[in-house]
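In: Need a 3D model of the sequence below.
(one chain, ligands or ions: 1)
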Amino acid sequence: MSDPRPEFCFSDSPSMEDIRRLQSRFAAERDWNQFHQPRNLLLALVGEVGELAELFQWRGEVSEGLPDWTPSQKESLRHELSDVLIYLLELAEKCHVDLPRAVLTKMELNAKKYPVDRVQGSAKKYTEYGEEEQASSGGPQQGPG
Ligand SMILES: [Mg+2]
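Out: Numbers count the residues shown, from 1 in each chain. Presented below is the predicted three-dimensional model:
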């Protein structure tokens with residue numbers, strides 16, 4: 001089935017490593033590494049996720065591309081998403097997690113956990129597919145329900 005929507009994509013740069021390096025310099029120049037331990041960075045990340053959630057709070061469902069949002073609301077969204085990413089990358093750095101590699105590994109695991117031929121069009125969690133296999137001897141279930 002073809003998707004008539006134009007495909008959205010990111011810019012090629014900066015990379016995760018570029019952002020990590022820029023944020024590392026930003027913190028070092030301000031002598032903030034004394035505060036940027038993993039636990040504090042996690043709490044800051046959660047706070048920024050809260051600020052991101054506030055933008056969506058009480059609005060009901062929102063369409064892809066946010067066609068009903070004002071330019072100012074979209075700017076706030078760009079800021080909060082960026083805050084989340086900056087803290088996420090700094091947390092990964094301080095935990096010595098090579099996030100670009102880790103995310104590829106995790107996506108490979110997700111693909112094994114959710115094989116296309118078993119889960120297409122379904123929103124069930126992977127644990128529910130195991131139960132289905134034991135409960136029925138037939139093929140994969142189609143769709144949620
Ligand atoms: Mg913020």
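
In: separation between the nearest residue to C95 once chain neighbours are set aside and L77?
Out: Excluding the flanking residues, the one nearest C95 by C-beta to C-beta, 6 or more residues apart in numbering is P38, at 5.4 Å. For glycine as for every other residue, the C-beta is placed from the backbone atoms N, C-alpha and C. Noted for P38: a distance of 27 Å to L77, by C-beta to C-beta, to the nearest Å.

In: With P14 instead?
Out: Using C-beta to C-beta, one gets 19 Å for the distance from P14 to L77.

In: Show me which of the two is the more surrounded one.
Out: Between P14 and L77, counting by other C-beta atoms under 10 Å, L77 is the more crowded of the two (15 against 11).

In: Which secondary structure state does that one sit in?
Out: Using DSSP: H, G, I helix; E, B strand; the rest coil, the structure places L77 in helix.

In: For the residue of the chain found nearest the ion, give me its contacts.
Out: Per C-beta to the ion, D83 is where the chain lies closest to the ion, at 3.8 Å. By C-beta atoms under 8 Å, 6 or more residues apart in numbering, the contact set of D83 is E48, E51, L52.

In: Repeat that for L89.
Out: Counted by C-beta under 8 Å, 6+ apart, L89 has contacts M16, I19, R20, Q23, L99.

In: neighbours around the last one, how many?
Out: Residue crowding around L99 was assessed by other C-beta under 10 Å; the count is 17.

In: I'd guessed it sits against A92; true?
Out: Yes. Using C-beta atoms under 8 Å, L99 is in contact with A92, at 4.2 Å.

In: Please state the offset of the strand or helix carrying S82 from the chain centre?
Out: Applying DSSP states H and E as the criterion places S82 in helix 71-94. How far helix 71-94 lies from its chain's middle: 11 Å, per C-alpha atoms, centre = their mean, to the nearest Å.
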